[in-house]
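# coords please:
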Amino acid sequence: MLLFLSGGSLWKLALPGAGLAGFLVFAWRTMPHVAARIDGFLNPALGESYQTEQALSAIANGGVFGTGPGDGYYKAFLPDAHTDYVFAVLAEEGGLLIGGAVMALFALIVLRALARASEARAHWVQLSVAGLVGLFGLQAAINLAVNLNLVPPKGMSLPFLSYGGSSLLATALSLGMVLALTRREIPKLPRPPAVVPQREVMA
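Just a heads-up that it's a prediction; the model follows:
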């Protein structure tokens, strides 16, 4: 992403992209746990998609308004409900309203940071902000896509919502650097003129 944003040609990205695609095929063919996840995603009848099925059931059970805080049913049967599938629990108890608000908030953070980066004069600031917020947005997008059965399970936490101290610390530091790079300097007010004592004026 940074290579493309810095002005690199798409042809320069073709070779790494082909290498990544080849590695994924290699992992699918040689690593049993990777093959199980991909095969279970492509063919749910294999019985390898239990987590995803429970997540989708939880989201569907929440409906528009949700079951209420603490009243979720499927979180008792959903593995990793506090980490990988915390969005499914949130959508069941908060419904489409809360789930949609969370997704909109992630999108707002990314778009707002990119908009502020576009105003920066230094190109390195633009690239730094784009890289940091890109990591944040991509992590959130992958977690949400897993919960919605759009991609195979990845074991990636949802920023600021999933349980885990190291993930929370890393995300907070990343967005803290984004704030530092995009902050506006507050102009200093001019100093008021010195007041001359009345006695000196009369003298």
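# so what are the domain limits for the chain?
The chain is divided into the following domains under automatic domain parsing: 19-48, 49-182.
# return the most buried member of these.
Neighbour counts (mean count of other C-beta atoms under 10 Å) averaged over each of those peak at domain 49-182, with a mean of 17. Glycine gets a C-beta too; all of them are placed from N, C-alpha and C.
# any idea how far apart the tips of that one sit?
42 Å (C-alpha to C-alpha, to the nearest Å).
# now the residue positioned nearest the centre of the chain: which helix or strand?
Per C-alpha atoms, centre = their mean, the C-alpha nearest to the average position across the chain is that of Ala140, at 2.8 Å. Secondary-structure assignment from DSSP states H and E places Ala140 in helix 123-147.
# helices or strands up against that helix?
Contact here means 3 or more C-beta pairs under 8 Å, 6 or more residues apart in numbering; DSSP states H and E; on that basis helix 123-147 packs against helix 2-5, helix 50-62, helix 86-118, helix 165-182.
# which residues does that helix contact?
By C-beta atoms under 8 Å, 6 or more residues apart in numbering, the surrounding residues in contact with helix 123-147 are 1-2, 5-6, 52, 55, 59, 84-85, 87-88, 91, 103, 106-107, 109-110, 113-114, 116-118, 120, 151-154, 156-159, 162, 171, 174-175, 177-178, 181-182.
# could I get the average pLDDT for that helix?
For helix 123-147, the per-residue pLDDT values average out at 93.
# for the helices and strands packed on helix 123-147, give me JSON lines that also has mean pLDDT and distance to Phe23.
Rendered in JSON lines, the data for those read as follows (pLDDT from 0 to 100; distance: least, C-beta to C-beta, whole Å):
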{"stretch": "helix 2-5", "mean pLDDT": "83", "distance to Phe23": "18"}
{"stretch": "helix 50-62", "mean pLDDT": "88", "distance to Phe23": "24"}
{"stretch": "helix 86-118", "mean pLDDT": "94", "distance to Phe23": "27"}
{"stretch": "helix 165-182", "mean pLDDT": "92", "distance to Phe23": "25"}
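# dump these into CSV; add distance to Val25 as well.
Written out in CSV, the entries for those read as follows (distance: least, C-beta to C-beta, whole Å):
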stretch, distance to Val25
helix 2-5, 23
helix 50-62, 22
helix 86-118, 29
helix 165-182, 29
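# pull the contacting residues for Phe87.
99, 102, 143-144, 147, 158, 161 are the contacts of Phe87 under C-beta under 8 Å, 6+ apart.
# ok, and the closest non-adjacent residue to it?
Spatial nearest neighbour of Phe87, excluding adjacent residues (C-beta to C-beta, 6 or more residues apart in numbering): Asn147 at 4.6 Å.
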